[in-house]
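Peer 1: Take this sequence and fold it.
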Amino acid sequence: MKPVSFATCNNFPVTEILNGVPHGVAILDRDLHVMEMNRFLEVLTGFANADARGVHADFILRSNIGNNEKLFRNVIETEEYLSISGDIISRHHKKIPVHFTVSPLKNESGDPAGLLVFIEDISALQCFDKKRHNMACLDKILGHSPKMQEMFELLPVLAHTDATVLITGETGTGKDMIAEAIHNASKRSRYPFIKVNCGALPESLLESELFGHVRGAFTGAVKDKPGLFRMAQDGTIFLTEIGDLPLTLQVKLLSVLDDMEFFPVGGGKKVRVNVRIIAATHRSLRVLVKKGEFREDLFYRLNVLRLHLPVLREREGDIRLLLDFFMREFSTGLHKSIKGYTPKALNILTAYAYPGNVRELRNIVEYAVNICQGAKIQKEGLPRYLFIPVEEKPPTSADERRDEYSEKAMPALDLPAEIGEKTVSGSWQDVEKEMIVEALKQTGGNRSRSAKILGWGRTTLWRKLNRHGLA
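Peer 2: Alright, predicted model coming up:
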């Protein structure tokens, strides 16, 4: 494409010419400052032409196409136009998919004078493409970083097959949402999506929940129960935290994967089902296999299609996007008019590592919005644990740190003096058992409250109760 010359526009007002184009257009000078842009681009970016003049393009055309300045300068130097698709973030923090066409401009002397940037809004095309692939459900999953874009490209492939999917990723990365999105985009979307937490129930109850039981199979089984596999008939069953599945049930699950048949608890007749299985875990199944805690044959049977979700700290640019999204969501829900974050608060939030990923970020913003009394979220309105230097932070999970500073957190466990002495001279198993007993006493046997006091999850408490013979 030949460079466009300013001379071709001398007889007409440039602004009027640009306004006649039904797409976003901007003229940049050699230093990549905005000289002029049309009304369409004003709507697209949220910036008025008068306010944008003289401002560097990176601040107006905020995009994820890479190093904008490097790409744009390369067009000026090589005189070769650039055509590339990506996203821009508007002044109102809205992500808009666009296609850039960047052409070099020359002055009357034929010297490089700047760039003509043509920006086409392709959101309608992408919306059509998503509907065509039944992937419109992905609108609730935010992210424009390269790693998230790679994942979005893979999801239609996973949705249009019945093969087993294993979703891996740290806690809080959105495994549940992705599993449901895959189901909703599949041909099974008209049928049930059943979620099962493999670590939330004791082994005896979990088997009955998954595979059902017949009347009289055990005390209290007064009638037949179909089980979740049968309830998910023709749909999808999502086994989250598959790494916590007891070994005995792993054998039965392997049989179901191979034959799509199983015996209900206490039953003598096989039940046949037609379900798709999606499994998820935040633990390394390979490590569990080496430890003998997970069957190798089941691992390979589950690991047909693999999807690994990136951690938030590796999703370049997504932290700010999510901070703004959740701030608007919670502000609207609480009928507050919060406009954003102060620079100090934003520096802390963007520098934090987020070990709990998107779930932790969401909780932090919810806390801050509830605390905020002004137009912007202040540094003082953020959870206190964000200010603890890394080396001083206790070796606990993100969830436990949040509970520690939550206004609703339970009071600290009041341990008897003799327990403190046992931490030095006695067995830790004895100390742990005594702590559990004391917590149960304080809460009148309420296991949920006891788990909060001890800083554990309910599943962790259940396991320890079994280990110490207190269940």
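Peer 1: May I have stretch 280-292 exported as CSV, CA atoms only?
Peer 2: Extracted in CSV, the C-alpha atoms of stretch 280-292 (Å, rounded to 0.1, in the frame of the first residue of the first chain):
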residue,chain,number,x,y,z
ALA,A,280,-10.5,-30.5,37.7
THR,A,281,-7.8,-30.2,40.3
HIS,A,282,-5.4,-27.7,41.7
ARG,A,283,-3.0,-30.5,42.7
SER,A,284,-0.5,-32.2,40.5
LEU,A,285,-1.9,-35.6,39.7
ARG,A,286,1.5,-36.8,38.5
VAL,A,287,2.9,-36.1,41.9
LEU,A,288,0.0,-37.9,43.6
VAL,A,289,0.5,-40.9,41.2
LYS,A,290,4.2,-41.1,42.4
LYS,A,291,3.1,-41.0,46.0
GLY,A,292,0.6,-43.8,45.4
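Peer 1: Give me the contacts around it.
Peer 2: Contacts with stretch 280-292, where a contact means CB atoms under 8 Å, 6 or more residues apart in numbering, come from 166-171, 175-176, 179, 238-244, 294-296, 299, 302-303. C-beta: built from backbone N, CA, C; applies to glycine.
Peer 1: Please state the offset of that stretch from the chain centre?
Peer 2: On the basis of CA atoms, centre = their mean, to the nearest Å, stretch 280-292 sits 22 Å off its chain's mean C-alpha point.
Peer 1: And for stretch 279-297?
Peer 2: Distance of stretch 279-297 from the chain centroid (CA atoms, centre = their mean) equals 23 Å.
Peer 1: for that stretch, how far is the first residue from the last?
Peer 2: One end of stretch 279-297 to the other measures 15 Å (CA to CA, to the nearest Å).
Peer 1: can you check stretch 439-449 too?
Peer 2: By CA to CA, the extent of stretch 439-449 from end to end equals 8 Å.
Peer 1: and what of stretch 229-242?
Peer 2: Length of stretch 229-242, first residue to last, CA to CA: 15 Å.
Peer 1: pLDDT averaged over it - what is it?
Peer 2: For stretch 229-242, mean pLDDT is 93.
Peer 1: and if you look at stretch 353-367?
Peer 2: 93.
Peer 1: quick one: buried residues of that stretch?
Peer 2: 354-367 (16 or more other CB atoms under 10 Å).
Peer 1: what does stretch 322-332 give?
Peer 2: For stretch 322-332, burial by neighbour count (16+ other CB under 10 Å) applies to 322-328, 330-331.
Peer 1: out of those, which are inside helices?
Peer 2: The helices, defined by DSSP state H, take in 322-328, 330-331 from the buried residues of stretch 322-332.
Peer 1: Helix or strand with the lowest mean pLDDT in the protein?
Peer 2: helix 417-425 (a mean of 36; mean pLDDT, DSSP states H and E).
Peer 1: Mind checking what helix or strand follows the biggest strand by length in the chain in sequence?
Peer 2: When the chain is parsed with DSSP state E, its longest strand is strand 95-106. Using DSSP states H and E, the helix or strand that directly follows strand 95-106 along the chain is strand 112-121.
Peer 1: outside of the helix or strand harbouring R230, which residues touch it?
Peer 2: Using DSSP H and E, R230 sits within helix 228-231. Under the criterion CB under 8 Å, 6+ apart, residues 192, 194, 196, 209-212, 237, 256, 262, 271, 273, 275 lie in contact with helix 228-231.
Peer 1: can you pull the contacts of A48?
Peer 2: E42.
Peer 1: For the stretch 1-150 of the chain, which segments count as helices?
Peer 2: Secondary structure of the stretch 1-150 of the chain by DSSP state H, counting those that start in this stretch: the helices cover 14-19, 39-45, 49-52, 57-60, 68-78, 123-132, 146-159.
Peer 1: In terms of mean pLDDT, which of those ranks lowest?
Peer 2: helix 123-132 - the lowest mean pLDDT of the helices of the stretch 1-150 of the chain, at a mean of 52.
Peer 1: Tell me which helix or strand comes right after the helix holding R230.
Peer 2: Once the chain leaves helix 228-231, the next helix or strand it forms, by DSSP H and E, is strand 236-240.
Peer 1: Next up, the contacts around L322.
Peer 2: Residues near L322 by CB under 8 Å, 6+ apart: 142, 312, 358, 361-362.
Peer 1: Which of the residues you listed lies at the shortest distance from N347?
Peer 2: The shortest approach to N347 among those belongs to L361, at 15.2 Å (CB to CB).
Peer 1: how many other residues sit next to V369?
Peer 2: A count of neighbours around V369, defined by other CB atoms under 10 Å, yields 21.
Peer 1: who does the helix or strand hosting it touch, helix- and strand-wise?
Peer 2: Assessed by DSSP H and E, V369 sits inside helix 357-371. The contact analysis (3 or more CB pairs under 8 Å, 6 or more residues apart in numbering; DSSP states H and E) places helix 357-371 against helix 318-333, helix 398-405.
Peer 1: Return the list of helices and strands in contact with the following helix or strand past that helix.
Peer 2: Following helix 357-371 in sequence order, the next helix or strand is strand 376-377 (DSSP H and E). Packing partners of strand 376-377 (3+ CB pairs under 8 Å, 6+ apart): strand 340-341.
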